[in-house]
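In: Based on what follows, work out the 3D shape:
(one chain, ligands or ions: 1)
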Amino acid sequence: MKTAIQLEGLRKAYYRGMLRRRRQPVLRDLHLRIPAGIIFGILGPNGAGKTTLISIMATLLLPDAGSVRVLGLDALQQAAQLRQRINLASGAAKFVWSLTVEENLRFYGRLYGLRGDSLTERVREVVALFELEAWRRSPFETLSSGLKQRLALAKALISRPELLFLDEPTNGLDPVAAQHTREEIARLNRQSGMTIILTTHNMREAEMLCHEVGFLGEGQILAQGGIPALQAQLALGDRVTLLFAGKPPEMNFQGLPGVLEWRLQSPEVELVLDHSDSRLPGIIREIDAAGGDLSQIRVQEVDLEDLYREFSQ
Ligand SMILES: Nc1ncnc2c1ncn2[C@@H]1O[C@H](COP(=O)(O)OP(=O)(O)OP(=O)(O)O)[C@@H](O)[C@H]1O
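Out: Numbering: from 1, shown residues only. Below you'll find the predicted structure:
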């Protein structure tokens, strides 16, 4: 699989205080590889360094040490070349307040060298892509937060980037607008295969959107992978209690599909399942076949925040 990002030995510290003598290391010997074509989520608590990391990858900030390869280019030596192929949108998007949606997009299009018909055509395309037609002539300052975020995505796509960075794309949005934005992000990746790297605090958002995530903590990537795989690694899953009318059947519960852990407390069996809704029907059939007499099933769904807490402590 092709690589979008390859970071080796990345270090970054900020200097603080009046005399800038206090050194605060934020990234400490960080290594990370992100395959091309996926949506990758950088997760971590406030102040973990997510914005710092994304800014370095997007050529907006220089690291103190380490190598940064993005789309096969050296982000430190070939930044200008790389900037033609990437773009970034922040949850706290800044636009010229008095300009309309269309004027703002035309302004950014010009920054990328678009002129005349090709500029008009590209603005029309991104307006259509994010269903902003009705607001083309609305000044930025009159837009809702959800529309501002849609405009930020439209702006980032004006240059047809191969790689898109999104810093907290649903920050400050109400649940409906946040869901709309997530659907747009997923669609972009699905339809064009664009690599998207985003930061978020929201585990459900990461689960919905990201093919892979990396947990940032102590200046390093503490764990990386798909959420189901990380869940399995920590044996975090839905807790299912099976209550039997008689003795539980003698069967190999650990060998059942999706079982991460199990415990017998006759007449109850407690299972930890990766996904209870998809696994339970098959498990019930196997229990039936083994002669088990189930009287009750209780399901307590996994709290994905546990996964977040586990890696963010
Ligand atoms: N320009 C700067 N000068 C000094 N310190 C900085 C600067 N930028 C960030 N920091 C500090 O570096 C640390 C990491 O900040 P960063 O914004 O990268 O974290 P984050 O994970 O994105 O946080 P959040 O989730 O709150 O956005 C924080 O303690 C922050 O105060």
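In: quick one, helices of the chain?
Out: Here the chain has its helices, by DSSP state H, at 50-57, 79-83, 101-111, 116-129, 145-157, 175-192, 203-209, 227-233, 276-289, 304-312.
In: how much does the third one deviate in direction from helix 145-157?
Out: Computed with axes from the mean of the first three to the mean of the last three CA atoms, to 10 degrees, the direction of helix 101-111 lies at 20 degrees from that of helix 145-157.
In: Packing partners of helix 101-111?
Out: In terms of contact count using 3 or more CB pairs under 8 Å, 6 or more residues apart in numbering; DSSP states H and E, helix 101-111 is assigned the packing partners helix 116-129, helix 145-157. For every residue, glycine as well, the C-beta is placed using N, CA and C.
In: who wins for proximity to the ligand among those?
Out: Among these, the nearest to the ligand by CB to the nearest ligand atom is helix 145-157 (16.2 Å).
In: For that closest one, name the packing helices and strands.
Out: Using 3+ CB pairs under 8 Å, 6+ apart, helix 145-157 sits against strand 86-90, helix 101-111, helix 116-129, strand 163-167, helix 175-192.
In: Those: which one's closest to residue 29?
Out: Between residue 29 and the helices and strands packed on helix 145-157, the shortest gap by CB to CB is with strand 163-167, which sits at 22.1 Å.
In: hmm, back to that, would you list the helices and strands packed on helix 145-157 in CSV and tack on mean neighbour count and mean pLDDT?
Out: Compiled in CSV, the helices and strands packed on helix 145-157 are given as follows (neighbours: other CB atoms under 10 Å; pLDDT from 0 to 100):
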stretch, mean neighbour count, mean pLDDT
strand 86-90, 21, 91
helix 101-111, 18, 94
helix 116-129, 15, 93
strand 163-167, 24, 95
helix 175-192, 16, 89
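In: out of the ones you listed, nearest to residue 217?
Out: Comparing the helices and strands packed on helix 145-157 under CB to CB, the one sitting nearest is strand 163-167, at 18.0 Å.
In: and the closest one, what other elements does it pack with?
Out: Other elements packing on strand 163-167 under the criterion 3+ CB pairs under 8 Å, 6+ apart are helix 50-57, strand 86-90, helix 145-157, strand 195-200.
In: how much does the third one deviate in direction from strand 163-167?
Out: In other words, helix 145-157. Note on geometry: by the same axes, to 10 degrees, helix 145-157 and strand 163-167 are set 150 degrees apart in direction.
In: before we move on, what about the shortest one?
Out: Taking the same axes, to 10 degrees, one finds that strand 86-90 is oriented at 20 degrees with respect to strand 163-167.
In: Kindly format the C-alpha coordinates of strand 86-90 as CSV.
Out: C-alpha atoms of strand 86-90 as CSV (Å, rounded to 0.1, in the frame of the first residue of the first chain):
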residue,chain,number,x,y,z
ILE,A,86,-2.2,19.4,0.0
ASN,A,87,-4.6,21.6,1.8
LEU,A,88,-5.9,22.2,5.3
ALA,A,89,-9.2,23.2,6.8
SER,A,90,-9.5,24.1,10.5
